[in-house]
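*Asks:* no sequence on hand, only this structure:
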């Protein structure tokens, strides 16, 4: 037997290349399989791969104590109409953020010039304009409740007192609505509101004449509200109708006051005016105000 016959068979360069290719293919397949298994596991345990968050959108709430949810005996709360409205709007627009700039006691004058609450921009109006300009195109809703502190005593039946605030309301409210619309542009839906009538509480105190006389005063006030809203491109949430402001003819039982007109009953049940002499809405009243805004905005 020759030495050549005892030597191991020679492998060609081509054979070695085939073996290396097969080995690389097996390793690559194993790595890909492992990666796929890990990816599937992560989906099952943690959801789909993360995506970059969409830019935030905003609901800007402006105005007086109603805009920050003040209730009798309490400061600003998270149970106001803006909170309820935000929850309803967010269900339709996930990621919608609520920004409250309201100020308890604010009038149209102080909203424009400042003087009650502290704002870096000097006034609530300036703060609102700044926010709208910096987030132009991302503010979806703007609500406004302002003016009742101008003429609050009129709604309580004091006509002479109320007339003192009418002049400022008539000239300043249109400035506010038009200015907000100019700063925010066409993207947001803008809405203000008519008001309910705390003066109706006089009925349960035995002064029916004052309660009845308060309604036309409310109508005059709400007429200014509507005119300023329309001039500024705002919609109007009809809160006065939600509170049945004119419904003297429908009577309901309301403990402990007995049988009273529906409009009186709603003031007593939805605000603290009858029980505590405080016209702020309670949680129930704020929910009804929010519902009036929601109908208007959507």
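*Replies:* Alright, I've got the coordinates. Only a predicted model underlies this, so the values are computations on that prediction, with no experimental measurement involved. Numbers count the residues shown, from 1 in each chain.
*Asks:* spatially nearest residue to residue 133, not counting backbone neighbours?
*Replies:* Among residues not flanking residue 133 along the chain, residue 183 sits closest, at 5.5 Å (C-beta to C-beta, 6 or more residues apart in numbering). Using the backbone N, CA and C atoms, a C-beta is placed for each residue, glycine as well.
*Asks:* thinking the one you found is in contact with residue 135, fair?
*Replies:* No. The pair residue 183 and residue 135 fails to qualify as a contact (C-beta atoms under 8 Å) at a distance of 10.3 Å.
*Asks:* you'd agree residue 187 is in a strand?
*Replies:* No. Per DSSP: H, G, I helix; E, B strand; the rest coil, residue 187 lies outside any strand segment and is coil.
*Asks:* residue 144 belongs to a strand?
*Replies:* Yes. Under three-state DSSP, residue 144 falls within a strand.
*Asks:* how about it, what does it touch?
*Replies:* The contact partners of residue 144, by C-beta atoms under 8 Å, 6 or more residues apart in numbering, come to 62, 63, 67, 176, 177, 180, 190, 191, 192, 193, 234.
*Asks:* if you count contacts, what does the helix or strand that contains residue 268 end up packed against?
*Replies:* Using DSSP states H and E, residue 268 sits in helix 262-270. Applying 3 or more C-beta pairs under 8 Å, 6 or more residues apart in numbering; DSSP states H and E, we find helix 262-270 packed against strand 251-254, helix 273-276, helix 283-297.
*Asks:* could you dump those to CSV with mean pLDDT and distance to residue 167?
*Replies:* CSV is the format used below for the helices and strands packed on helix 262-270 (pLDDT from 0 to 100; distance: least, C-beta to C-beta, whole Å):
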stretch, mean pLDDT, distance to residue 167
strand 251-254, 97, 37
helix 273-276, 96, 26
helix 283-297, 98, 27
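*Asks:* and residue 72, which of the ones you listed is closest to it?
*Replies:* Checking those against residue 72 by C-beta to C-beta gives helix 273-276 as the closest, at 5.0 Å.
*Asks:* quick one: distance of the closest one to the chain centre.
*Replies:* Distance of helix 273-276 from the chain centroid (C-alpha atoms, centre = their mean, to the nearest Å) equals 27 Å.
*Asks:* can you give me the buried ones in that helix?
*Replies:* Going by neighbour count (16 or more other C-beta atoms under 10 Å), the buried part of helix 273-276 is 273, 274.
*Asks:* and for stretch 67-77?
*Replies:* So, applying 16+ other C-beta under 10 Å, buried residues of stretch 67-77: 67, 68, 69, 70, 71, 76.
*Asks:* name the nearest of the residues you listed relative to residue 101.
*Replies:* Nearest to residue 101 among those, with distances taken as C-beta to C-beta, is residue 67, at 7.8 Å.
*Asks:* not counting the helix holding residue 268 itself, show me its contacts.
*Replies:* If you take C-beta under 8 Å, 6+ apart as the criterion, helix 262-270 is touched by 196-198, 200-201, 203-204, 211, 215, 243-248, 250-252, 254, 257, 260, 273-275, 281-282, 284-285, 288.
*Asks:* what's the helix or strand where residue 97 lies packed up against?
*Replies:* For residue 97, the host element (DSSP H and E) is strand 96-100. Under the contact definition 3+ C-beta pairs under 8 Å, 6+ apart, strand 96-100 sits against strand 57-63, helix 81-92.
*Asks:* please parse this structure into its domains.
*Replies:* If you go by automatic domain parsing, the domain ranges for the chain are 13-46, 57-297.
*Asks:* lowest average confidence across those domains, which one?
*Replies:* If those are sorted by mean pLDDT, domain 13-46 sits at the bottom with a mean of 48.
*Asks:* my read: residue 210 touches residue 202, true?
*Replies:* Yes. Counting by C-beta under 8 Å, residue 210 touches residue 202, with 4.1 Å between them.
*Asks:* quick one: which of these two has more around it?
*Replies:* Counted by other C-beta atoms under 10 Å, residue 210 and residue 202 do not tie: residue 202 has more neighbours, with 22 against 17.
*Asks:* that one and residue 133: what is the separation?
*Replies:* From residue 202 over to residue 133 the distance is 45 Å, taken as C-beta to C-beta, to the nearest Å.
*Asks:* check residue 152 too.
*Replies:* 32 Å.
*Asks:* do residue 293 as well
*Replies:* For residue 293, the distance to residue 133 - C-beta to C-beta - is 24 Å.
*Asks:* looking at these two, which one has more neighbours?
*Replies:* Taking other C-beta under 10 Å, residue 293 and residue 133 do not tie; residue 293 has more neighbours (28 against 13).
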